[in-house]
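A.B. asks: what's the 3D shape of this:
(2 chains)
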Number of protein chains: 2
Amino acid sequence: MKQISLAHGGGGEEMNELLSQMFKIFDNEILKASNDAAILGDLALSTDSFVLNPIFLDDEINIGKLCVCGSVNDILMVGAEPQFLSLALILEEGFELLKLEKILNSIKKECDKCGVLLVCGDTKVVPKGNGDEIYINTTALGKIISKKETQNIKEGLSILVSGDIGRHGASVLIKRNDLEANIQSDCKNLKDEVLGLLKQDIKVVAMRDATRGGLSAVLNEWAKQSGNDLLIFEENIKIKDEVLGLCELFGYEPYELANEGTFVLCVEKSDELKALEFLRQFNPNASIIGKVLGEKKSRVILENSFGAKRFLETPKGELLPRIC
Amino acid sequence: MKQISLAHGGGGEEMNELLSQMFKIFDNEILKASNDAAILGDLALSTDSFVLNPIFLDDEINIGKLCVCGSVNDILMVGAEPQFLSLALILEEGFELLKLEKILNSIKKECDKCGVLLVCGDTKVVPKGNGDEIYINTTALGKIISKKETQNIKEGLSILVSGDIGRHGASVLIKRNDLEANIQSDCKNLKDEVLGLLKQDIKVVAMRDATRGGLSAVLNEWAKQSGNDLLIFEENIKIKDEVLGLCELFGYEPYELANEGTFVLCVEKSDELKALEFLRQFNPNASIIGKVLGEKKSRVILENSFGAKRFLETPKGELLPRIC
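C.D. replies: Numbering: from 1, shown residues only, chains lettered A, B, ... in the order given. Below is the predicted model of the structure:
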């Protein structure tokens, strides 16, 4: 491993290896906690750069909406309310101003929806051929309401997912290959779902949005961090037929496809139905997909409807590059 | 103006136009204040993406050190103490891991020097030809100690600069053109200078580090924001002979060359000597360069040693691309 490969950005095993090898020098408790956002006392901070290609997925969803949702969702995942956003653009020489305007309008619209204020920015331009239209970094700052940390995951908890999976990755695949298919990205901010959930009397222990590496990456991270095995009931995971068809066509694993408005959560077993009922108001495909086992082997075990079991491994290889 | 040009990233007039045209939709009081960092109650937040080319200027100074200093200095400029940093990388496929490691080590070293903790990160990879080795975004969060805002600039204040100018831009020019010259970038974090200054009994009104667009950009922004004319004594501005020589050779204006560890400050007239004495402990080239006039015409007036005057305009055109 002497050079960066596309796999290093895929959100799978190669990226994990790179990060643990390269970033160990920054070792501190906050980084080590590996939450979606850093928890700094009563503040939450999260950063993401977006290199989505193509930059417009459809009339509604583009890199602008994506960057706001991505950053806002990361703040929400630690039980915080997003408040402020920074915006840094890397523009390629020759990029059309009309496109920039459209993207900025999407950013503004989504900020307003989330009640987030854009408070600082930066603009850089690189010569043609040193970029690809537009790359965006957003960094979000929020206020902790009810701290959620993945390190609290333990035996007996129920695992839910807030909707059907794989639509964001699938929609990028469709757009990139100029296909016709009725799949829209799930890209959305999760403010209503998450803040609503925190206001209920439901013991949410941990949340994570299933972006790069998809559901598979989240479950494997949780298994590794907690040390526990996770048992997942395959038939409870909802996937649209169109997404499944596309996966078959291109040889992708739907559990590994990125989502941008779908999150996984761990709740106390006694609250699983209450949580499910609440989440189904937003998405009828929300479901209870499994539980945390006592066995300390850090494995994700998929069980199908016939009771047969297999391991779900951490995604590997190039996956789908530039999906966010 | 239908497409992005390199001039839009230069820190000069074209960038100002683009920002005021495109970013007016985000209009809010915090953004409008146009400080180096957003002031959020007792917090300061600042974001910057770095596209420096070449990524290594010399053994000590590279894009890693630069990004920490740049973000930390922006926080300092509003009178805040930098505390936390986020780091987002956009890596080009094929980028050498040894280089990445060197850059991350520089980042760590500089964070330690500043007492800043790196608390969250992100890594994206783009295919070969869609980037240029490495682009870095750092966003810094700090705690306000003694709020400094450019909107408080008014008649009678003295203007100082913390050292000789133009060295960062000049060092990039040298490296890019493979020249031999004894110029090292001024890239450094200004923590000791600024926090030290705030502890003295010196009435500092505003500070700004003279990065893209150089001293000229800062003075013109201040003139525009305050509405006042600024009178600048040309002979008091220190510029190394090597920097002047290089400017003549390439046709650059030294006042427009970027600095990365040099800042401009406005202090009460009665405190100018005290401020100067303090700053000279760090750099013997610190000097009092001018004052804020009563005339409300938003001009920067340069006066030479013979008393002849000319206007210093906001930088225009491509300047030097990718210097930060």
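
A.B. asks: give me the low-pLDDT residue ranges for the stretch 201-324 of chain A?
C.D. replies: Residue ranges of the stretch 201-324 of chain A with pLDDT under 70: none are present.

A.B. asks: so which bits of it are right by chain B?
C.D. replies: A:Pro321, A:Arg322, A:Cys324 (Cβ under 8 Å from any Cβ of the partner chain). The C-beta positions use only the backbone N, C-alpha and C, and glycine is treated the same way.

A.B. asks: which SS state does the last one fall under?
C.D. replies: When you say that, I think you mean A:Cys324. Assigned by DSSP: H, G, I helix; E, B strand; the rest coil, the conformation of A:Cys324 is coil.

A.B. asks: can you check the first one too?
C.D. replies: Secondary structure state of A:Pro321, per three-state DSSP, is coil.

A.B. asks: okay, now whichever residue of the stretch 151-300 of chain A sits closest to chain B: neighbour count?
C.D. replies: Per Cβ to the nearest Cβ, A:Arg212 is where the stretch 151-300 of chain A lies closest to chain B, at 9.0 Å. Using other Cβ atoms under 10 Å in any protein chain shown, A:Arg212 has 26 neighbouring residues.

A.B. asks: wait, it sits on A:Arg322?
C.D. replies: No: here A:Arg212 does not reach A:Arg322: they are 10.4 Å apart, not a contact under Cβ atoms under 8 Å.

A.B. asks: now the helices for the stretch 1-150 of chain A?
C.D. replies: A:13-22, A:29-32, A:63-77, A:97-114 (DSSP state H, counting those that start in this stretch).

A.B. asks: minimum distance to A:Glu242: which of the ones you listed has it?
C.D. replies: Across the helices of the stretch 1-150 of chain A, A:Glu242 has its closest neighbour in helix A:63-77 (20.5 Å, Cβ to Cβ).

A.B. asks: any residue of that closest one touching chain B?
C.D. replies: No: shown here: helix A:63-77 not in contact with chain B (Cβ under 8 Å from any Cβ), separated by at least 8.6 Å.

A.B. asks: send me that helix as CSV with only the CA atoms.
C.D. replies: The C-alpha coordinates for helix A:63-77 follow below in CSV (Å, rounded to 0.1, in the frame of the first residue of the first chain):
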residue,chain,number,x,y,z
ILE,A,63,-24.5,18.2,-4.2
GLY,A,64,-25.9,21.4,-2.5
LYS,A,65,-28.8,19.6,-0.7
LEU,A,66,-26.6,16.7,-0.1
CYS,A,67,-23.9,18.6,1.8
VAL,A,68,-26.3,20.3,4.1
CYS,A,69,-28.2,17.0,4.8
GLY,A,70,-24.9,15.1,5.3
SER,A,71,-23.5,17.5,7.9
VAL,A,72,-26.8,18.2,9.6
ASN,A,73,-27.5,14.4,9.9
ASP,A,74,-24.0,13.8,11.4
ILE,A,75,-24.8,16.3,14.2
LEU,A,76,-28.2,14.8,14.8
MET,A,77,-26.7,11.3,15.2
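
A.B. asks: taking helix A:97-114 as reference, get the angle to it.
C.D. replies: 30 degrees (axes from the mean of the first three to the mean of the last three Cα atoms, to 10 degrees).

A.B. asks: same question for helix A:63-77, mean pLDDT?
C.D. replies: In this model, helix A:63-77 has a mean pLDDT of 98.

A.B. asks: tell me what that helix is packed against?
C.D. replies: strand A:43-50, strand A:80-92, helix A:97-114, strand A:134-144, helix A:191-199, strand A:204-209 (3 or more Cβ pairs under 8 Å, 6 or more residues apart in numbering or on different chains; DSSP states H and E).

A.B. asks: and if we set it to 10 Å?
C.D. replies: strand A:43-50, strand A:80-92, helix A:97-114, strand A:134-144, helix A:191-199, strand A:204-209, strand A:263-267, strand B:117-126 (3 or more Cβ pairs under 10 Å, 6 or more residues apart in numbering or on different chains; DSSP states H and E).

A.B. asks: buried stuff in that helix?
C.D. replies: A:63-77 (16 or more other Cβ atoms under 10 Å in any protein chain shown).

A.B. asks: from these, pick the one nearest B:Thr138.
C.D. replies: Once Cβ to Cβ is applied, the member of these that ends up nearest B:Thr138 is A:Ser71, at 15.2 Å.

A.B. asks: grab the nearest non-local neighbour of the most centrally placed residue in chain A.
C.D. replies: By Cα atoms, centre = their mean, chain A has its centre lying nearest to A:Thr211, at 2.6 Å. The shortest distance from A:Thr211 to any non-neighbouring residue, by Cβ to Cβ, 6 or more residues apart in numbering or on different chains, is to A:Ala258 (5.3 Å).

A.B. asks: shouldn't the one you found be within a helix?
C.D. replies: No: checked against three-state DSSP, A:Ala258 lies outside a helix; its state is coil.

A.B. asks: how many other residues sit next to it?
C.D. replies: 30.

A.B. asks: ok, now which ones touch it?
C.D. replies: By Cβ atoms under 10 Å, 6 or more residues apart in numbering or on different chains, the contact set of A:Ala258 is A:10-11, A:165-172, A:185-187, A:209-215, A:217, A:319-320, A:323-324.

A.B. asks: what about the residue of the stretch 51-200 of chain A found nearest chain B, distance to A:Glu92?
C.D. replies: The nearest approach of the stretch 51-200 of chain A to chain B comes at A:Val125, 2.9 Å away (Cβ to the nearest Cβ). Separation of A:Val125 from A:Glu92 (Cβ to Cβ, to the nearest Å): 8 Å.

A.B. asks: now for these two: what residues contact both?
C.D. replies: A:Gly131, B:Ile4.

A.B. asks: list the contacts for A:Ala181?
C.D. replies: Counting by Cβ under 10 Å, 6+ apart, A:Ala181 has contacts A:Ala170, A:Ser171, A:Leu173, A:Ile174, A:Lys175, A:Lys240, A:Glu242, A:Val243, A:Gly245, A:Leu246, A:Leu249.

A.B. asks: just put these in JSON lines and tack on distance to A:Phe278 and secondary structure.
C.D. replies: Shown next, in JSON lines, are these (distance: Cβ to Cβ, whole Å; DSSP: H, G, I helix; E, B strand; the rest coil):
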{"residue": "A:Ala170", "distance to A:Phe278": "26", "secondary structure": "helix"}
{"residue": "A:Ser171", "distance to A:Phe278": "26", "secondary structure": "helix"}
{"residue": "A:Leu173", "distance to A:Phe278": "31", "secondary structure": "helix"}
{"residue": "A:Ile174", "distance to A:Phe278": "31", "secondary structure": "helix"}
{"residue": "A:Lys175", "distance to A:Phe278": "32", "secondary structure": "helix"}
{"residue": "A:Lys240", "distance to A:Phe278": "22", "secondary structure": "coil"}
{"residue": "A:Glu242", "distance to A:Phe278": "27", "secondary structure": "helix"}
{"residue": "A:Val243", "distance to A:Phe278": "25", "secondary structure": "helix"}
{"residue": "A:Gly245", "distance to A:Phe278": "31", "secondary structure": "helix"}
{"residue": "A:Leu246", "distance to A:Phe278": "30", "secondary structure": "helix"}
{"residue": "A:Leu249", "distance to A:Phe278": "35", "secondary structure": "helix"}
